[in-house]
Structure formats: C-alpha cells, structure tokens
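Engineer: What follows is a predicted protein model with its sequence.
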Amino acid sequence: MNMGPIKDLGRVFDRVADAYDAGRPTYPDEVYRALSEASGVELEGATTVDIGAGTGIMTRALRARGSQVIAVDPGGEMLAKLVERTADEEGTPVAAVLADGNALPLADGVADLVTYAQSWHWLDPVSSIAEARRVLRPEGAIVGCWNLNHAAQADWLAAYEARLAAEVPSYYGPAVEEWSVPPIASAFEVIEERWIPWTRLVGIEDFLLGLRSHSYMAALSPRRADELVERRRGELRDAFPEGVLSVPMRVYLAVGR
C-alpha cells in the first residue's frame, strides 16, 4: 500500500481539510497503551515528532497523554486546522512545522518517538525512515499506524467499499485485491506489530465526511464527488434508518527502531 510521494500532496489534502478534521476517526485508547508498551517509551514527558500530522488527530491525543509534540505536515490548511483545534482544546500552542517528512527541518537527536499516523505510505520509504532515524535519540522508536475499516466483518461495509471501487477510478482500499497495509515493517528493525480491533459508532453524516476526506475523493470533480456522496447517503439511510452506523475497525500498529 505504499503509494509513494505525489506532487502537491499538501494541496490534495488541504482541499478536504474540514472534512478530514470532522470525519476521520480517532484511535482507541489501546493504541497508545500498545505504542508505549512496545516502544518502551513513556508518553508522559516524551518528545514526539508526528509526521503527516494532518489536522492533529494523533497530535492532540499524544499531547493529552503528556507528550511534547512537533507536528509536521506539507499542507498549510491542514496545519492551520491543527493549530486552531489544539489551541481551542488545550489552551497552549503546538509546534507546527510546514515540511515534507522526507526532509525534516529538525536537528539530530531531538525526539523520543517519530510517529506516522495514516501517513507513511505517502512518503519515500527510504528517505523518510533515514530522516526518522536521524532525529531520534538512541533509545527512540519509530511508530506507524493505520486506522482501517474491517470490511470483512460486515456485509454492508464490504458492499459499500465494493461500490466505491466500482465508481471511483483512483480508489484504493479493501475492495481492491492487491490492497495491503503499508510495508513499513520492512523499512526498519521491527520490535512489534499488532492488530487492534475496535468498533466505531458514528452518524451517517460524519461517516460521509470521512469519505470526502480521502485522496481518491479529492481527485474527483466537486460535482462527481457530491453525486457519489449523495448515492452513498441514500443507501446508508435505507439500510440504517436510525442514522447511526456500527463500523468494525482495526488499527495496524508497527513499532521499531
């Protein structure tokens, strides 16, 4: 699933920054327990470089657990949303750096953790890990994690993904035969890999905002994206008239040095 660097990646996600912030799921608490356990790094007091931080879903959770976070992202709108949300919720500014994860404007040995939450697959697999190693302290750790729909666990979700695959030319997800988790575990010395299952309860409208936040949706014209979302809305309302979805999820977590 390593998609590699693409031109103007920041602009791609800047176009959907609001949808990303409102619709993307958070990570369950077990992810942070597993991260600390596998890495040997206590989040309280740790310095973390969160690469591809987006609107700050992982950044805010790490700060809430006592980490000092440097948030790095190539999208100005995404970082602006991160700074706004972090200041509103926590009252203290976050260090936000507009930069590419393949070339970090940070000094050597400044971090206890480098995290890629839903982001490493956009980067160069060699340059990004070399930069992560450079900015880490000797006992630091690299963490990659992805929050994924577990379509095999629900017929309605498998059908939903299959319809997206049929209608969206650049769709890449569980309905594509060659889809897999990003090969980050082969890029460094792995300490541990884990799959963490959980269930997301979400309203249909927030679920559809999450759909709009994906790069394959941002690649569509606004009209085509609106039409597709409207079709999904009708299908989901017919299937779930109460308006709430129970979405089986799983987080893939890889921790290494």
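Structural biologist: Looks like it came in fine.
Engineer: which stretches of the stretch 1-150 of the chain form helices?
Structural biologist: Residue ranges of the helices in the stretch 1-150 of the chain, as given by DSSP state H, counting those that start in this stretch, are 9-14, 17-23, 29-39, 57-64, 76-90, 125-135.
Engineer: winner for burial among these?
Structural biologist: Ranked by mean neighbour count under mean count of other C-beta atoms under 10 Å, these are led by helix 57-64, which reaches a mean of 22. From N, CA and C alone the C-beta is placed, and that goes for glycine too.
Engineer: okay, the angle between that one and helix 29-39?
Structural biologist: 70 degrees (axes from the mean of the first three to the mean of the last three C-alpha atoms, to 10 degrees).
Engineer: Quick one: the strands in the stretch 101-250 of the chain, in order.
Structural biologist: For the stretch 101-250 of the chain, the strands defined by DSSP state E, counting those that start in this stretch occupy 111-117, 136-149, 190-203, 244-256.
Engineer: Between those, which one is closest to Leu35.
Structural biologist: strand 136-149 (5.7 Å; C-beta to C-beta).
Engineer: Partner strands of that closest one, with direction?
Structural biologist: Its sheet considered, strand 136-149 pairs with strand 111-117 (parallel), strand 244-256 (antiparallel) by DSSP bridges.
Engineer: Mind exporting the C-alpha coordinates of the first one to CSV?
Structural biologist: Same thing as strand 111-117. Listed next in CSV are the C-alpha coordinates belonging to strand 111-117 (Å, rounded to 0.1, in the frame of the first residue of the first chain):
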residue,chain,number,x,y,z
ALA,A,111,12.9,13.0,19.6
ASP,A,112,12.0,10.0,21.6
LEU,A,113,9.3,9.0,19.1
VAL,A,114,8.6,9.5,15.5
THR,A,115,5.0,8.7,14.5
TYR,A,116,3.3,8.2,11.2
ALA,A,117,-0.4,8.1,11.8
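Engineer: List the contacts of the nearest residue to Gly45 once chain neighbours are set aside.
Structural biologist: With C-beta to C-beta, 6 or more residues apart in numbering as the criterion, Gly45 has its nearest non-adjacent residue at 5.9 Å, and that residue is Gly66. By C-beta atoms under 8 Å, 6 or more residues apart in numbering, Gly66 lies in contact with 43-46.
Engineer: thinking again about what came up before, mind putting the helices of the stretch 1-150 of the chain into TSV with mean pLDDT and distance to Ile204?
Structural biologist: TSV is the format used below for the helices of the stretch 1-150 of the chain (pLDDT from 0 to 100; distance: least, C-beta to C-beta, whole Å):
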stretch	mean pLDDT	distance to Ile204
helix 9-14	66	23
helix 17-23	85	11
helix 29-39	97	25
helix 57-64	96	20
helix 76-90	84	23
helix 125-135	96	36
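Engineer: So for Arg237, which of these sits nearest?
Structural biologist: helix 17-23 (16.9 Å).
Engineer: From the contact counts, what lies against that closest one?
Structural biologist: helix 76-90, helix 204-212 (3 or more C-beta pairs under 8 Å, 6 or more residues apart in numbering; DSSP states H and E).
Engineer: Would you format those helices as TSV with distance to Gly243 included?
Structural biologist: Listed next are the helices and strands packed on helix 17-23 as TSV, based on distance: least, C-beta to C-beta, whole Å:
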stretch	distance to Gly243
helix 76-90	25
helix 204-212	5
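Engineer: for these, which one sits closest to Asp14?
Structural biologist: helix 76-90 (3.7 Å).
Engineer: how far out from the middle of the chain is that closest one?
Structural biologist: 16 Å (C-alpha atoms, centre = their mean, to the nearest Å).
Engineer: quick one, that helix and helix 57-64 angle?
Structural biologist: Going by the same axes, to 10 degrees, helix 76-90 makes 30 degrees with helix 57-64.
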